Structures are given as C-alpha cells and as structure tokens.
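# sequence below, structure please.
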Amino acid sequence: MKMMMLTGAALGFGVGITFSLLRESSWPTVVWHACVAAYVAGMMFRWWGRHWTKNLRLALVEKQAAAVREALAQPVPGAPTPAARGSVSSAAPASSPSKR
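Next comes the predicted model:
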C-alpha cells in the first residue's frame, strides 16, 4: 500500500510541476501546486490500491472455492454412482395390492 501511495505522490508531484511550469507560475507557486497535487494523487492511489487488492483477494477466494466445488463434484474412484445406488435400493419389487 505504501508503494502505491508513493507512486501516486511522485506522479502527482511531476504533474503539478509540469502544469505549473506550463502556466509560467512563480517558483513558490510551482512548489505549492506540486505539493498539493502530490498529496491528492497519493490519497487517490491509496484508495484505488485498497480496492484493487481487496478485489484481487476476493477473486482468489472465489477461484479457490470453485476449485473445491469442482473437486467435490467429481466422483470418487470405486464408489458407486448415484444411478447405481438408486437402482440397488429399488431392486426389491414393489408390492401392489391385487384386485380379485
């Protein structure tokens, strides 16, 4: 998170200096604008970085859950299949009342 904030601050500082110099501002104004831009960009990068990492973690958890569901859905070798289990339990003929 610190790296995201530092990257944003460096970019903001550079953008602040560039735009202030393009407007031909005085040096104290250039430094002031660069500092404000660095602060704002650092906070924005920190906010974006938190959401980005949160969503990456959520995607990883969802991927792991899908892998577990897939592993549980695969049949175990040597175990009877659900169709075979159903046919075994219904092997006994159902008695129906006879009509005479």
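
# flag the shaky bits of this structure, pLDDT-wise.
Low-confidence segments of the chain (pLDDT under 70): 79-100.

# can you map out the helices along it?
2-22, 27-73, 82-89 (DSSP state H).

# so which of those is the most packed in?
Mean neighbour count, computed with mean count of other C-beta atoms under 10 Å, is highest for helix 2-22 among the helices of the chain, reaching a mean of 16. Where C-beta positions appear, they are placed from N, C-alpha and C, glycine not excepted.

# using PDB, write out every CA atom in that one.
Once side chains and other backbone atoms are set aside, the C-alpha atoms of helix 2-22 remain, and they are given as PDB (Å, rounded to 0.1, in the frame of the first residue of the first chain):
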ATOM      1  CA  LYS A   2       2.900   2.400   0.800                       C
ATOM      2  CA  MET A   3       4.300   1.700  -2.700                       C
ATOM      3  CA  MET A   4       1.000   2.700  -4.300                       C
ATOM      4  CA  MET A   5       0.800   5.900  -2.300                       C
ATOM      5  CA  LEU A   6       4.400   6.800  -3.000                       C
ATOM      6  CA  THR A   7       3.900   6.200  -6.700                       C
ATOM      7  CA  GLY A   8       0.800   8.400  -6.800                       C
ATOM      8  CA  ALA A   9       2.600  11.100  -4.900                       C
ATOM      9  CA  ALA A  10       5.600  11.000  -7.300                       C
ATOM     10  CA  LEU A  11       3.300  11.200 -10.300                       C
ATOM     11  CA  GLY A  12       1.200  13.900  -8.700                       C
ATOM     12  CA  PHE A  13       4.300  16.000  -7.900                       C
ATOM     13  CA  GLY A  14       5.500  15.600 -11.500                       C
ATOM     14  CA  VAL A  15       2.200  16.600 -13.000                       C
ATOM     15  CA  GLY A  16       1.900  19.500 -10.600                       C
ATOM     16  CA  ILE A  17       5.300  20.800 -11.500                       C
ATOM     17  CA  THR A  18       4.600  20.300 -15.200                       C
ATOM     18  CA  PHE A  19       1.300  22.100 -15.300                       C
ATOM     19  CA  SER A  20       2.500  25.000 -13.100                       C
ATOM     20  CA  LEU A  21       5.500  25.500 -15.300                       C
ATOM     21  CA  LEU A  22       3.400  25.400 -18.400                       C
END
